[in-house]
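Novice: sharing a sequence plus its predicted fold:
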Amino acid sequence: MIKKIVYFTALMLVTALMPMHLSIHKASAAWTAPDQEDAKKRAKEVVPFIKEYKDEHKTARKISLMDAGVSINDVKDVYFLLDSPIIKEREDHYEPVRFAHKRHAALTKDCSKCHHLRPKDEKELETTRCSACHQDSFNSEHPERIGLKAAYHQQCIECHRTEAKGPVDCKGCHLQNVPDHKNLVKLPDNADVFQVTAECLRCHDAQANDMLTTAHWLWRGPSPYTTGHRKDIMHGKGTTALNNY
Amino acid sequence: MKINRRNFFKVMGATAVSGSSLAALPSDLTAWESKAPPDPYGCLVDLTRCVGCRKCEEACSQVNGLPAPERANCQCTIFEKKRRPDDKAFTVVNRYFTGKLDNFDKPLPTYAKVQCMHCQDPACVSACIVGALTKDETGSVRYDVSKCIGCRYCMVACPFEIPAYEYHDPITPRVMKCTFCYDRISKDGGVPGCATICPTEAITFGKRADLLRVAHKRLDENPGKYINHVYGEKEAGGTSWLYISSVPFEDVNLPALPDNPSPKLSETIQHSLFSYLWSPIVLFSTLGALMYKSNKSNPENSNGKRGTLEEKNITKGGA
């Protein structure tokens, strides 16, 4: 009897709160982060192509940036979305990269690392954006000028390599345009672990075979933290360890 | 035929005449000429820029309707074996450790993409006996399956060992190799699939002459970074695909080849032998002359023999 009363009260409460809850949900859907909107808008802009640049040596460039008094205080945007239509013109496989501009400026303390050349026209900004000089790939009028996509990749990967900091693989920066798995995965309610693994393997056979050749599977060795097996030395994914399905 | 003094001089004379014509003919008739297109497209592969993402393989298979590359998203274990282009993949990326170290003394990999080099004077085109392979104005070495008879001479001829064959298909097998995305590059603004997708522009697409200029500029402006050589500028008489690298080209499985176009020697020999069909004419006239002489020198012998044979046949037929 008490159980029934509790259930009933709960039900009443839920129905009463429902409209309120919905309205909150609506409001939250309408709300957007203003800085993200700015970043999205900025990413869509295509600025006029700068044909000529001032040919400066690396050191000279660094000095001229210091002379111009460019510092981290001039960095207005915290981050950029690298989502220019110039890149997406030919193919679009990945989500845009969020480039933390201010953070990179603070870490490197050297604007000339990325702002490596400036436009020849003195009226132009000292630190112009990447896409002003780097636009289409394989521009036959400027064969030595690389495209925007290549400029981003070469600049990021090269610097992350030499500094041994930051990702150098695809998925370190990009989210892949992965299809929604909600409709792809077909599992019964309360599926057990074997069913889940089997369901994954239904499509990801290659990844499974890949995994079987890695240390995650092949590892054999002592298990000092496994209760009751502290002194056994032949343990691992491929032998007697748990979860080896 | 008995060799007496007179016959000996006759034979020597005939040999001398044919020999002198052999020496005289090639010089004016068979000076080998390159049939390379004047302003072809090309691709410049900069191995220092390649990060081994294998996106070119993915794009290639999509553009050319091939099966998805083996373990498409794998960037580690796939490199443990050296792969070659085959009937299911026109291009593959391999990883090489050439002893180069990075700033932290870790071995630095060099990734190298392999595909048809689209030679300026392709050996496969020269070897093809039915004209199924042709060198196009765009620079692409094109394959016409409707002409191909499946002799696979192209596979033997190719100095880069590129053409592959659909051995699994007994009814309609094709020779399979990179098409240089002819359908794309023959259109205005068209770029091959691999060059389109390359995230670092390790593959630069353009006119071959422009690319050579860009390549030499890169070599000049980065002293010490590159091996001072553009692979494909002269190799096998020049190729549409060019490579520049920081490690020796032999180390990334790009074979050292002579500068002569591969078909030059074989075509020179063949053309000098068969121009105006002089060599069969000389051969058969010499043989004819010899037979005539030998018949004439032993008239009673040959006549007698033939007669007896005929008689035998008649008697056999009668019985």
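Specialist: Thanks, I have the structure now.
Novice: use CA for all of it now, contacts and neighbours both
Specialist: Fine.
Novice: show me what from the stretch 201-319 of chain B comes close to chain A.
Specialist: Listed as neighbours of chain A in the stretch 201-319 of chain B under the rule C-alpha under 8 Å from any C-alpha of the partner chain: B:E201, B:T204, B:F205, B:G206, B:D210, B:L211, B:V214.
Novice: can you name the two of those that are farthest apart?
Specialist: Largest separation among those by C-alpha to C-alpha: B:E201 and B:D210, giving 15.6 Å.
Novice: so between these two, which is more surrounded?
Specialist: Set B:E201 next to B:D210 and count neighbours by other C-alpha atoms under 10 Å in any protein chain shown: B:E201 wins out with 26 against 17.
Novice: grab the nearest non-local neighbour of that one.
Specialist: Ranked by C-alpha to C-alpha, 6 or more residues apart in numbering or on different chains and with sequence neighbours excluded, the top spatial neighbour of B:E201 is A:A150, at 5.2 Å.
Novice: quick check: mean pLDDT across the helix or strand where the one you found lies?
Specialist: Using DSSP states H and E, A:A150 maps to helix A:148-163. For helix A:148-163, mean pLDDT is 92.
Novice: residues in contact with it?
Specialist: Where contact means C-alpha atoms under 8 Å, 6 or more residues apart in numbering or on different chains, the residues beyond helix A:148-163 that reach it are A:86-87, A:114, A:130-131, A:134-137, A:166-168, B:49, B:103, B:198-201.
Novice: hmm, which of those are the buried ones?
Specialist: Neighbour-count burial within the contacts of helix A:148-163 applies to A:86-87, A:114, A:131, A:134-137, A:168, B:49, B:198-201; the criterion is 16 or more other C-alpha atoms under 10 Å in any protein chain shown.
Novice: which residues of the stretch 51-200 of chain B lie near chain A?
Specialist: B:C53, B:R71, B:T77, B:N103, B:T196, B:I197, B:C198, B:P199, B:T200.
Novice: which non-adjacent residue is nearest the fourth one?
Specialist: Meaning B:N103. Sequence neighbours aside, A:T162 is the residue nearest to B:N103 in space, at 7.0 Å (criterion: C-alpha to C-alpha, 6+ apart).
Novice: low-confidence ranges, chain A, go.
Specialist: A:1-29, A:223, A:235-245 (pLDDT under 70).
Novice: ditto for chain B
Specialist: Regions of chain B meeting the criterion pLDDT under 70 cover residues B:1-3, B:6-30, B:299-319.
Novice: looking at it, which residue is nearest chain A?
Specialist: Taking C-alpha to the nearest C-alpha, chain A has its nearest neighbour within chain B at B:T200, 4.0 Å off.
Novice: for the residue sitting nearest the centre point of chain B, give me its contacts.
Specialist: In chain B, the residue lying closest to the centroid (C-alpha atoms, centre = their mean) is B:A123, at 2.3 Å. Applying C-alpha under 8 Å, 6+ apart, we find B:A123 in contact with B:C154, B:A157, B:C158, B:P159, B:P261, B:S262, B:P263.
Novice: thinking again about what came up before, in helices, which of the buried ones among the contacts of helix A:148-163 fall?
Specialist: Per DSSP state H, helices hold the following members of the buried ones among the contacts of helix A:148-163: A:I86, A:I87, A:S131.
Novice: ok, those vs A:I72, which is closest?
Specialist: Taking C-alpha to C-alpha as the measure, A:I72 lies nearest A:S131 of these, at 20.6 Å.
Novice: right, and the closest one touches A:E45 too?
Specialist: No: here A:S131 does not reach A:E45: they are 9.4 Å apart, not a contact under C-alpha atoms under 8 Å.
Novice: many thanks, we can stop here.
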